[in-house]
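Peer 1: Turn this into a structure:
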Amino acid sequence: MCTSRSVRSAALWLLLGSLLAMPAAHAARAWKAGERVRIEVVDRDTGSTAQPVTYRGDTWIAGTPGAPYAIRLTNTTGSRVLVVLSVDGVNAISGETASPSQTGYVLAPWQTTEITGWRKSHDDVARFEFAALADSYAAQTGRPDNVGTIGIAVFGERAPPSPIASRAPAPAPQSRPADAARGRTAPAAEAVAAESAASDMRAERQRLGTGHGAREWAPVTSTAFERATRTPVQVTTLRYDSVDTLVARGVLPRHRAWAQAHRPDAFPGGFVPDP
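Peer 2: Now for the predicted structure:
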(Lines give C-alpha, C1' and ligand atoms only; values in the text may rest on other atoms or scores of the structure.)
Protein backbone atom coordinates (compact mmCIF):
# COMPACT_ATOMS: atom_id res chain seq x y z
CA MET A 1 0.00 0.00 0.00
CA CYS A 2 2.88 2.38 0.69
CA THR A 3 5.14 3.34 -2.19
CA SER A 4 8.71 4.59 -1.78
CA ARG A 5 7.38 8.11 -2.23
CA SER A 6 4.83 7.66 0.53
CA VAL A 7 7.16 6.66 3.35
CA ARG A 8 6.49 9.96 5.10
CA SER A 9 3.02 10.73 3.77
CA ALA A 10 0.30 8.19 3.09
CA ALA A 11 -3.40 7.46 3.45
CA LEU A 12 -3.67 5.21 6.49
CA TRP A 13 -6.31 3.64 8.69
CA LEU A 14 -8.11 5.46 11.51
CA LEU A 15 -10.09 3.47 14.06
CA LEU A 16 -13.59 4.66 14.85
CA GLY A 17 -15.51 4.71 18.10
CA SER A 18 -12.69 3.31 20.22
CA LEU A 19 -12.02 5.85 22.94
CA LEU A 20 -11.97 3.92 26.21
CA ALA A 21 -11.50 5.12 29.78
CA MET A 22 -8.53 3.43 31.46
CA PRO A 23 -8.50 3.04 35.25
CA ALA A 24 -5.75 5.15 36.78
CA ALA A 25 -4.23 2.22 38.70
CA HIS A 26 -4.06 0.09 35.54
CA ALA A 27 -2.43 2.86 33.54
CA ALA A 28 0.18 3.50 36.24
CA ARG A 29 1.04 -0.19 36.51
CA ALA A 30 1.47 -0.65 32.75
CA TRP A 31 3.37 2.59 32.05
CA LYS A 32 7.00 2.43 30.97
CA ALA A 33 9.06 5.59 30.72
CA GLY A 34 9.52 6.77 27.15
CA GLU A 35 6.70 4.72 25.62
CA ARG A 36 4.41 6.66 23.35
CA VAL A 37 2.16 3.67 22.75
CA ARG A 38 1.44 0.98 25.32
CA ILE A 39 0.71 -2.52 23.98
CA GLU A 40 -1.22 -5.24 25.82
CA VAL A 41 -2.69 -8.58 24.76
CA VAL A 42 -6.22 -9.36 25.96
CA ASP A 43 -7.85 -12.80 26.07
CA ARG A 44 -11.28 -12.13 24.55
CA ASP A 45 -12.88 -15.17 26.19
CA THR A 46 -11.97 -14.19 29.74
CA GLY A 47 -11.25 -10.46 29.42
CA SER A 48 -7.94 -10.92 31.22
CA THR A 49 -4.77 -9.13 30.16
CA ALA A 50 -1.67 -11.25 29.57
CA GLN A 51 0.99 -10.55 32.19
CA PRO A 52 4.38 -9.98 30.55
CA VAL A 53 7.51 -11.72 31.84
CA THR A 54 11.02 -10.49 31.02
CA TYR A 55 13.51 -13.25 30.32
CA ARG A 56 17.02 -12.81 28.89
CA GLY A 57 16.22 -9.54 27.18
CA ASP A 58 12.86 -10.57 25.70
CA THR A 59 9.35 -9.84 26.95
CA TRP A 60 7.13 -12.93 26.91
CA ILE A 61 3.42 -13.59 27.32
CA ALA A 62 1.59 -16.93 27.48
CA GLY A 63 -1.19 -17.76 25.04
CA THR A 64 -3.92 -20.38 25.23
CA PRO A 65 -4.35 -22.54 22.10
CA GLY A 66 -7.69 -21.81 20.42
CA ALA A 67 -8.35 -18.59 22.35
CA PRO A 68 -9.22 -15.42 20.41
CA TYR A 69 -7.25 -12.38 21.48
CA ALA A 70 -7.06 -8.63 20.92
CA ILE A 71 -4.09 -6.29 20.84
CA ARG A 72 -4.86 -3.24 22.97
CA LEU A 73 -3.02 -0.07 21.95
CA THR A 74 -2.96 3.09 24.08
CA ASN A 75 -1.61 6.40 22.83
CA THR A 76 -0.01 7.96 25.93
CA THR A 77 0.59 11.34 24.24
CA GLY A 78 -1.42 14.41 23.35
CA SER A 79 -0.70 14.05 19.62
CA ARG A 80 -1.71 11.63 16.90
CA VAL A 81 0.57 8.67 16.29
CA LEU A 82 0.87 6.03 13.60
CA VAL A 83 1.26 2.43 14.75
CA VAL A 84 2.49 -0.18 12.27
CA LEU A 85 1.31 -3.51 13.72
CA SER A 86 3.15 -6.78 13.06
CA VAL A 87 1.84 -10.21 14.09
CA ASP A 88 4.17 -13.16 13.44
CA GLY A 89 6.22 -10.91 11.16
CA VAL A 90 3.19 -10.01 9.00
CA ASN A 91 1.60 -6.57 8.68
CA ALA A 92 -1.85 -6.92 10.27
CA ILE A 93 -3.45 -4.55 7.73
CA SER A 94 -1.82 -5.35 4.38
CA GLY A 95 -0.65 -8.94 4.87
CA GLU A 96 2.83 -8.03 3.65
CA THR A 97 5.98 -9.20 5.39
CA ALA A 98 6.15 -6.47 8.01
CA SER A 99 8.32 -3.37 7.71
CA PRO A 100 8.10 -0.06 9.62
CA SER A 101 7.64 1.84 6.33
CA GLN A 102 4.24 0.25 5.68
CA THR A 103 0.69 1.31 6.47
CA GLY A 104 -0.66 1.21 10.02
CA TYR A 105 -3.30 2.43 12.44
CA VAL A 106 -3.58 6.10 13.42
CA LEU A 107 -4.50 6.76 17.06
CA ALA A 108 -5.94 10.07 18.26
CA PRO A 109 -4.41 11.77 21.33
CA TRP A 110 -4.84 9.60 24.45
CA GLN A 111 -6.85 7.04 22.46
CA THR A 112 -7.14 3.40 23.51
CA THR A 113 -8.38 0.80 21.07
CA GLU A 114 -8.30 -2.95 20.54
CA ILE A 115 -7.22 -4.57 17.26
CA THR A 116 -9.05 -7.88 17.05
CA GLY A 117 -7.83 -9.41 13.81
CA TRP A 118 -6.25 -9.37 10.36
CA ARG A 119 -7.81 -6.54 8.36
CA LYS A 120 -9.83 -7.79 5.41
CA SER A 121 -11.54 -4.53 4.40
CA HIS A 122 -12.66 -1.21 5.84
CA ASP A 123 -15.48 -3.09 7.53
CA ASP A 124 -14.20 -6.43 8.82
CA VAL A 125 -11.28 -8.47 10.13
CA ALA A 126 -10.41 -12.16 10.47
CA ARG A 127 -9.97 -12.52 14.19
CA PHE A 128 -6.67 -13.22 15.90
CA GLU A 129 -6.66 -16.57 17.69
CA PHE A 130 -3.83 -18.61 19.11
CA ALA A 131 -3.26 -21.73 17.04
CA ALA A 132 -0.69 -24.44 16.40
CA LEU A 133 2.30 -23.09 14.49
CA ALA A 134 1.37 -25.02 11.34
CA ASP A 135 -2.12 -23.47 11.45
CA SER A 136 -0.87 -19.90 11.82
CA TYR A 137 -1.52 -17.42 9.02
CA ALA A 138 2.19 -16.76 8.64
CA ALA A 139 3.07 -20.44 8.27
CA GLN A 140 0.21 -21.05 5.86
CA THR A 141 1.49 -18.22 3.66
CA GLY A 142 5.05 -19.61 3.67
CA ARG A 143 6.53 -17.30 6.35
CA PRO A 144 6.99 -19.34 9.56
CA ASP A 145 10.33 -17.88 10.68
CA ASN A 146 8.91 -15.04 12.81
CA VAL A 147 5.89 -16.81 14.30
CA GLY A 148 5.52 -16.05 18.02
CA THR A 149 6.04 -12.28 17.84
CA ILE A 150 3.76 -9.26 18.17
CA GLY A 151 5.36 -5.90 17.47
CA ILE A 152 4.63 -2.23 16.94
CA ALA A 153 6.60 0.51 15.21
CA VAL A 154 5.41 3.96 16.30
CA PHE A 155 5.75 7.26 14.42
CA GLY A 156 4.95 10.80 15.52
CA GLU A 157 3.13 13.17 13.19
CA ARG A 158 4.94 15.95 11.39
CA ALA A 159 3.75 19.37 12.53
CA PRO A 160 2.99 22.07 9.93
CA PRO A 161 6.00 24.42 9.60
CA SER A 162 5.65 27.91 11.02
CA PRO A 163 6.48 30.91 8.76
CA ILE A 164 9.76 31.49 10.64
CA ALA A 165 10.73 27.85 10.68
CA SER A 166 10.05 27.54 6.95
CA ARG A 167 12.84 30.06 6.18
CA ALA A 168 15.35 28.28 8.40
CA PRO A 169 17.38 25.31 7.17
CA ALA A 170 15.86 21.99 8.13
CA PRO A 171 17.74 20.19 10.91
CA ALA A 172 19.74 17.15 9.92
CA PRO A 173 17.86 13.91 10.59
CA GLN A 174 19.04 12.08 13.65
CA SER A 175 19.67 8.40 13.36
CA ARG A 176 18.16 6.09 15.97
CA PRO A 177 19.97 2.77 15.99
CA ALA A 178 17.76 -0.08 17.15
CA ASP A 179 20.23 -1.08 19.88
CA ALA A 180 20.36 2.47 21.25
CA ALA A 181 16.56 2.58 21.32
CA ARG A 182 16.59 -0.47 23.55
CA GLY A 183 19.03 1.20 25.92
CA ARG A 184 22.07 -1.04 25.49
CA THR A 185 25.16 -1.20 23.28
CA ALA A 186 25.33 -3.35 20.16
CA PRO A 187 27.80 -5.91 21.59
CA ALA A 188 25.66 -6.35 24.71
CA ALA A 189 22.50 -6.74 22.61
CA GLU A 190 24.20 -9.31 20.39
CA ALA A 191 25.38 -11.29 23.41
CA VAL A 192 21.87 -11.37 24.88
CA ALA A 193 20.41 -12.39 21.52
CA ALA A 194 22.96 -15.17 21.09
CA GLU A 195 22.30 -16.47 24.60
CA SER A 196 18.55 -16.38 24.03
CA ALA A 197 18.90 -18.19 20.70
CA ALA A 198 21.07 -20.89 22.28
CA SER A 199 18.51 -21.34 25.04
CA ASP A 200 15.73 -21.70 22.48
CA MET A 201 17.69 -24.37 20.62
CA ARG A 202 18.05 -26.40 23.81
CA ALA A 203 14.41 -26.02 24.88
CA GLU A 204 11.09 -26.70 23.25
CA ARG A 205 10.67 -25.11 19.85
CA GLN A 206 7.94 -22.59 19.05
CA ARG A 207 4.52 -24.25 19.32
CA LEU A 208 2.03 -21.39 19.09
CA GLY A 209 1.15 -18.94 16.32
CA THR A 210 -1.75 -16.70 15.32
CA GLY A 211 -4.45 -18.15 13.11
CA HIS A 212 -6.75 -16.51 10.56
CA GLY A 213 -10.06 -16.84 12.39
CA ALA A 214 -13.70 -16.10 11.66
CA ARG A 215 -14.70 -12.78 10.08
CA GLU A 216 -16.15 -10.10 12.34
CA TRP A 217 -17.27 -6.51 11.98
CA ALA A 218 -14.60 -3.92 12.83
CA PRO A 219 -15.11 -0.71 10.82
CA VAL A 220 -12.34 1.77 10.08
CA THR A 221 -11.86 4.68 7.71
CA SER A 222 -8.85 6.21 5.95
CA THR A 223 -6.93 9.31 6.95
CA ALA A 224 -3.80 11.19 5.91
CA PHE A 225 -0.74 11.06 8.15
CA GLU A 226 2.70 12.56 7.51
CA ARG A 227 5.46 10.97 9.54
CA ALA A 228 7.77 13.31 11.42
CA THR A 229 10.73 10.95 10.96
CA ARG A 230 11.70 8.15 8.60
CA THR A 231 12.58 5.85 11.48
CA PRO A 232 10.15 4.92 14.27
CA VAL A 233 10.37 6.66 17.63
CA GLN A 234 9.42 3.41 19.37
CA VAL A 235 9.73 -0.26 18.48
CA THR A 236 8.24 -2.72 20.97
CA THR A 237 8.18 -6.50 20.54
CA LEU A 238 6.36 -9.13 22.57
CA ARG A 239 7.14 -12.81 22.20
CA TYR A 240 4.54 -15.45 22.99
CA ASP A 241 4.08 -19.19 23.22
CA SER A 242 2.07 -21.78 25.14
CA VAL A 243 2.51 -22.13 28.89
CA ASP A 244 4.12 -25.57 28.55
CA THR A 245 6.69 -24.29 26.06
CA LEU A 246 7.52 -21.24 28.19
CA VAL A 247 8.06 -23.54 31.16
CA ALA A 248 10.36 -25.74 29.07
CA ARG A 249 12.33 -22.65 28.05
CA GLY A 250 12.65 -21.50 31.65
CA VAL A 251 10.57 -18.38 31.08
CA LEU A 252 7.86 -19.51 33.53
CA PRO A 253 8.19 -21.62 36.70
CA ARG A 254 6.70 -25.12 36.59
CA HIS A 255 3.91 -24.32 39.04
CA ARG A 256 2.40 -21.97 36.43
CA ALA A 257 1.96 -24.89 34.03
CA TRP A 258 0.40 -27.01 36.79
CA ALA A 259 -2.04 -24.24 37.65
CA GLN A 260 -3.00 -23.97 33.97
CA ALA A 261 -3.54 -27.72 33.57
CA HIS A 262 -5.16 -28.43 36.97
CA ARG A 263 -7.73 -25.71 37.55
CA PRO A 264 -10.30 -26.81 40.16
CA ASP A 265 -14.01 -26.58 39.31
CA ALA A 266 -16.58 -26.08 42.07
CA PHE A 267 -19.30 -27.72 39.91
CA PRO A 268 -17.63 -30.51 37.93
CA GLY A 269 -20.55 -32.94 37.79
CA GLY A 270 -24.33 -33.40 37.93
CA PHE A 271 -26.29 -35.35 40.54
CA VAL A 272 -24.82 -37.22 43.50
CA PRO A 273 -23.88 -40.80 42.45
CA ASP A 274 -24.06 -43.89 44.64
CA PRO A 275 -20.80 -44.58 46.50
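Peer 1: Pass me the low-pLDDT residue ranges in the stretch 101-250 of the chain, would you?
Peer 2: Within the stretch 101-250 of the chain, the stretches falling below the threshold (pLDDT under 70) are 163-204.
Peer 1: can you pull out the strands in it?
Peer 2: Counting by DSSP state E, counting those that start in this stretch, residue ranges of the strands within the stretch 101-250 of the chain are 105-107, 112-115, 117-119, 124-132, 149-156, 208-217, 220-226, 234-242.
Peer 1: What lies in contact with the longest one?
Peer 2: Contacts of strand 208-217 with the rest of the structure, by Cβ atoms under 8 Å, 6 or more residues apart in numbering, involve 63, 65, 68, 87-88, 116-118, 120, 123-133, 135-140, 144, 147-148, 240-242, 245. In this view, the C-beta of every residue, glycine as well, is placed from N, C-alpha and C.
Peer 1: What subset of those is buried?
Peer 2: Among those, the ones that count as buried by 16 or more other Cβ atoms under 10 Å are 63, 65, 68, 87-88, 116-118, 124-131, 133, 135-139, 144, 147-148, 240-242, 245.
Peer 1: Which of the three states applies to residue 54?
Peer 2: Secondary structure, DSSP: H, G, I helix; E, B strand; the rest coil: residue 54 is strand.
Peer 1: Please name the nearest non-neighbouring residue to it.
Peer 2: In space, residue 54 comes closest to residue 60 once its chain neighbours are excluded; the distance is 7.6 Å by Cβ to Cβ, 6 or more residues apart in numbering.
Peer 1: With residue 92 as the reference, measure out to the one you found.
Peer 2: To residue 92, residue 60 is 20 Å away according to Cβ to Cβ, to the nearest Å.
Peer 1: Check residue 51 too.
Peer 2: Relative to residue 92, residue 51 is positioned 23 Å away (Cβ to Cβ).
Peer 1: my guess is residue 147 meets residue 205, correct?
Peer 2: No. No contact is recorded between residue 147 and residue 205 when judged using Cβ atoms under 8 Å, the distance being 10.4 Å.
Peer 1: Give me the common contacts of the two.
Peer 2: Taking Cβ under 8 Å, 6+ apart as the contact criterion, no residue touches both residue 147 and residue 205.
Peer 1: Show me what residue 71 bridges to in the sheet.
Peer 2: Beta-bridge pairing of residue 71, defined through DSSP bridges, involves residue 41, residue 115.
Peer 1: Tell me what residue 240 is bridged to.
Peer 2: The partner residues for residue 240, given DSSP bridges, come to residue 61.
Peer 1: Residue 60 is in contact with that one, correct?
Peer 2: Yes. A contact is recorded between residue 240 and residue 60 when judged using Cβ under 8 Å, the distance being 6.7 Å.
Peer 1: residues in contact with residue 116?
Peer 2: 44, 68, 70-71, 125, 127-128, 216, 218.
Peer 1: right, and out of these, which lies closest to residue 56?
Peer 2: When these are compared for distance to residue 56, the smallest value, 23.5 Å, is given by residue 71; criterion: Cβ to Cβ.
Peer 1: how close does that closest one get to residue 44?
Peer 2: Going from residue 71 to residue 44 by Cβ to Cβ gives 11 Å.
Peer 1: ok, these two, which is more surrounded?
Peer 2: In this view residue 71 and residue 44 are compared by other Cβ atoms under 10 Å, and residue 71 has more residues nearby, 22 against 15.
Peer 1: Pretty sure that one sits against residue 85.
Peer 2: Yes. With contact defined as Cβ under 8 Å, residue 71 reaches residue 85; the gap is 6.7 Å.
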